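Engineer: this is the structure alone, sequence omitted:
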């Protein structure tokens, strides 16, 4: 079963070009280590929330922009080996100087629950992170599988929902604090790939009136989810 490493981080807006170059080099290294894809996206339509949002999740500082990114692997074993090999790879070590504050980077490993659509290069991405009760895994999977065709029908290219499998706590930031998880909850990491911002905006204008797309409060607390629209800047 495919596996995803999910990332959220904050990058100074002035370092956008440097970050794209850094991430492009990193994508080739991940591919060498067994990854099938790396996508980096730059905040473009990311709202502020009442309880949680991408800005607070990364402890965003003045002049910074939140990013939503992921790396795809064919399975968990490949991801595990890539992590081990990375520690001793001289090319990885040469990338130690990063154009952002790595101490505030959020990351974790996720099991894919639902992957609907075709893999293509999207022009726009919706990213979402949610707190989900561990006991509701199958209900969450079923809800994701029911929602995906509605999004595809309105123009989405691909809809992916995943389940927190290896999500470590961090010293400064982490996924748990990002969505204020409770003791019995894990993380849902989801993204929707769209051909363009316009297709995405037009789709949501229709979908927001469709009761079938609304989150079920009996499954997960959407008020603590964080979400936003992102421009892909690296997709390898």
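Structural biologist: Here it is on my side, so go on. Bear in mind the structure is a predicted one, so any value in this text is a computation, not a measurement.
Engineer: after the lowest-mean-pLDDT helix or strand in the chain comes which helix or strand?
Structural biologist: The weakest-scoring helix or strand in the chain, judged by mean pLDDT, DSSP states H and E, is helix 90-93 (a mean of 69). Note on helix 90-93: by DSSP states H and E, the next helix or strand toward the C-terminus is strand 106-117.
Engineer: hang on, isn't residue 68 packed against residue 228?
Structural biologist: Yes. Using Cβ atoms under 8 Å, residue 68 is in contact with residue 228, at 7.2 Å. (Each C-beta comes from the backbone N, C-alpha and C, glycine too.)
Engineer: between those two, which has more neighbouring residues?
Structural biologist: Taking neighbours as other Cβ atoms under 10 Å, residue 68 and residue 228 compare with residue 68 leading, 28 against 22.
Engineer: what pLDDT does that one get?
Structural biologist: Residue 68 is assigned 98 on the pLDDT scale.
Engineer: neighbours of the spatially closest residue to residue 22 that is not a sequence neighbour, how many?
Structural biologist: Of all residues not flanking residue 22 in the chain, residue 99 sits nearest, at 5.6 Å (Cβ to Cβ, 6 or more residues apart in numbering). By the criterion of other Cβ under 10 Å, residue 99 has 17 neighbours.
Engineer: repeat that for residue 53.
Structural biologist: By other Cβ under 10 Å, 20 other residues sit near residue 53.
Engineer: check contacts around it.
Structural biologist: Contacts for residue 53 (Cβ atoms under 8 Å, 6 or more residues apart in numbering) come out as 46, 47, 226, 228.
Engineer: now these: which count as buried?
Structural biologist: Buried members of those, counted by 16 or more other Cβ atoms under 10 Å: 46, 226, 228.
Engineer: element containing the last one, please.
Structural biologist: Under the assignment given by DSSP H and E, the secondary-structure element containing residue 228 is strand 226-235.
Engineer: what about that strand, distance to the chain center?
Structural biologist: Using Cα atoms, centre = their mean, to the nearest Å, the mean C-alpha position of strand 226-235 is found 8 Å from that of the whole chain.
Engineer: that strand - contacts with which helices or strands?
Structural biologist: helix 16-32, strand 37-45, helix 54-57, strand 64-73, strand 124-133, helix 197-207 (3 or more Cβ pairs under 8 Å, 6 or more residues apart in numbering; DSSP states H and E).
Engineer: with respect to residue 213, which of these lies nearest?
Structural biologist: With distances scored as Cβ to Cβ, the stretch of those nearest to residue 213 is helix 197-207 (4.8 Å).
Engineer: so how far is the closest one off the chain centroid?
Structural biologist: Worked out by Cα atoms, centre = their mean, helix 197-207 lies 20 Å from the chain centre.
Engineer: list the buried residues in that helix.
Structural biologist: By neighbour count on 16+ other Cβ under 10 Å, the buried set for helix 197-207 is 197, 199, 200, 203, 204, 207.
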